[in-house]
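> Provided below for reference: sequence and predicted model.
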Amino acid sequence: MNMFVMYQHLYLKFNLYDLTILPLFVATYLDKNYTGIKKKFMSESKVSLQQFLLAEGFQYVSIQHVWLHQKITDYHKAHFFQSCADLLESGLNLQESLKIYEEQCSHKILKIVTQEILDHLSKGRNIFDIQRNDFFDDFIVSNLKQICSTQSNLVVFKLISEYYFEKIESKKKLTNVLFYPLLTLFILGVSLYFSIDMVLPSVLQLVPVSKISLATKSLMFVKDNVSIILYSVASIFFFMILCRKNLSFIPIVARFEVMDFWRQMSFCLSNQFHFNQALHIVKDNFNARVSRHIYYVIDSLNRGHDVKTSFLHFPGINKAQLHVLKMGEISGCMEKNLKFISEQEQKFKKNMSDKIIFWTQPILLLIMGIVLMWILLGTVVPIYENFHEMGS
């Protein structure tokens, strides 16, 4: 079979964009030794994919359709739309901007995507008609198809780039909230444990007990409890951080209530209610804490503010979600946008639950290990030594 025809078949059948695993698909497709092909390709990772396929007996490989393990991230999407927006702002049309971007782009998948977009535009099609699920999200397409009819390409590309940049920033903030305090607390705990439980006893062995000061004796008295208290505080602090991000600070509005708000708003809009009507209906379904925040949103909208400004101080909302609301207001796709936010909140809840389970188990095991070690060293060992002395 012609390799190019085979590639097209695999591309359509398996939606195969990352072709690092193409030899494995090809080997299976041709009933070759799958395991042997896989081991050989992994062991000869320095050999290019084209050379590898040719060595395995494939007669034709189109190098322009082969790229090695490059994925399109939110950063690449943001950079693509931002670069095109900058070129559009300089006075170029969309096709000229895309051609310049294609010439300057070093990312192979983005280069191919740009070529496909240019091919679509040359045939008189819309940029968002291209079927690339790894690049154009359904949520983005549904909004921007309608925006394109009333706004310029420059506005559209700026909106998308801002959305992805805000999404990246939200992920960075989540990493900072979870990772750095835990790392600092861990280093502090290890330092205190090392200094109190290891360094101090070694020093005291060189000093007669009669010469030990009262302050040092006091420190020795509390050292047995320090590690347990320290790790207890660390675990409590860890869960406080998770609750602050995951529950949007429990005393104010719980995260599950915010999730329920977006779900109810999406349901009301799907039943043809106006946005303000939906807010009034949903407000009556929540307790006083949540209703107060919804009232602030309604009041802000009545004062003539846009949706993004009105939701600026809504609990648990991030900048990416604010941008989603802004795009929904411009495009008129508010129902789909609220459904998108609701789905994102559910995914976030699942991810956070997985992280809590992942981190809780080793932390609890560590605390239990420390407690058992303290029981062993503080009670079992002295009792054993006393019996040993009595026996001797």
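In hand now; what should we look at?
> residues contacting stretch 266-275, please?
277-278, 281-282, 301, 307, 334-335, 338-339, 342 (C-beta atoms under 8 Å, 6 or more residues apart in numbering). From N, CA and C alone the C-beta is placed, and that goes for glycine too.
> generate a PyMOL selection restricted to the buried subset of those.
What follows is the PyMOL syntax for the buried subset of the contacts of stretch 266-275, where burial is set by 16 or more other C-beta atoms under 10 Å:
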select buried, resi 278+282+301+307+334+335+338+339+342
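> now flag whichever of the contacts of stretch 266-275 is closest to Val113.
Comparing the contacts of stretch 266-275 against Val113 with C-beta to C-beta places Lys339 closest, at 26.5 Å.
> show me what contacts that closest one?
Going by C-beta under 8 Å, 6+ apart, Lys339 touches 266, 270.
> host element of it?
Secondary structure assignment for Lys339, by DSSP states H and E: helix 334-375.
> dump the contacts of stretch 266-275 to a markdown table, plus pLDDT.
Shown next, in a markdown table, are the contacts of stretch 266-275 (pLDDT from 0 to 100):
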| residue | pLDDT |
| --- | --- |
| Gln277 | 80 |
| Ala278 | 81 |
| Ile281 | 80 |
| Val282 | 81 |
| Leu301 | 85 |
| Val307 | 83 |
| Met334 | 77 |
| Glu335 | 74 |
| Leu338 | 77 |
| Lys339 | 76 |
| Ser342 | 75 |
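> turn the contacts of stretch 266-275 into a markdown table, including distance to Ile117.
Output for the contacts of stretch 266-275, formatted as a markdown table (distance: C-beta to C-beta, whole Å):
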| residue | distance to Ile117 |
| --- | --- |
| Gln277 | 40 |
| Ala278 | 36 |
| Ile281 | 42 |
| Val282 | 40 |
| Leu301 | 37 |
| Val307 | 30 |
| Met334 | 28 |
| Glu335 | 28 |
| Leu338 | 29 |
| Lys339 | 27 |
| Ser342 | 30 |
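> so what's the residue count around Leu269?
Residues near Leu269, counting by other C-beta atoms under 10 Å, number 21.
> leaving aside the residues next to it on the chain, what's closest to it?
Leaving aside its sequence neighbours, Leu269 sits nearest to Glu335 (C-beta to C-beta, 6 or more residues apart in numbering; 3.9 Å).
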